[in-house]
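A.B. asks: Next come a sequence and a model predicted from it.
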Amino acid sequence: MVLDKQDLLYVANEAQNSITVYTKKGADLLLTVTDGVKQPRALTVDSHGTLYVANKTNVTVYTGTTLEQTLTLKVKASALTVDSADNLYARVTVKGQPEVQVYKHGSKMPKTRIVDGVGLGNSLTVDNKGTVYVGNHASGKG
């Protein structure tokens, strides 16, 4: 789940292959998105209202008040977030190596890759200063 700057609530429904959007405080259903949604695992919304959905096999991007699909990123992400400049951060695994890929708003290709300190896991966030935080699964050691 994620809230946008207008307090609209976006909910990923993995079993129903959909995203539902609710009014403030989840009172009323506004919209259901199914186009391009396949087992959504994570989502985020930038300051422009662009919705990013991490599906089973890709990331789909939706814009506009009706959330029309505008872009597909061919990466399998376990977590998504955006920074204050609306860059998208996607936690992915490439050839068995976990990394965070950073995409400029509207781009299909990552502008930066972060590998140091990135392990297996499914949480990710960026603070207002641009510091990236990744939650890694415990190794089971001490």
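C.D. replies: Received the coordinates, thanks. Numbers count the residues shown, from 1 in each chain.
A.B. asks: In stretch 16-35, which residues are buried?
C.D. replies: Taking 16 or more other Cβ atoms under 10 Å as the neighbour-count basis, stretch 16-35 is seen to contain the buried residues Asn17, Ser18, Ile19, Thr20, Val21, Tyr22, Val33. All C-beta atoms are positioned from the backbone trio N, CA, C, and that covers glycine.
A.B. asks: Please enumerate residues in contact with it?
C.D. replies: Stretch 16-35 is contacted by residues 6-13, 37-40, 43, 51, 53, 62, 66-69 when judged by Cβ atoms under 8 Å, 6 or more residues apart in numbering.
A.B. asks: Quick one: low-confidence residue ranges for the protein.
C.D. replies: Residue ranges of the chain with pLDDT under 70: 26, 138-142.
A.B. asks: Which parts of it are strands?
C.D. replies: Along the chain, counting by DSSP state E, strands occupy 2-3, 9-13, 18-22, 29-33, 42-45, 51-54, 59-63, 68-73, 77-82, 88-94, 97-103, 112-114, 123-126, 132-135.
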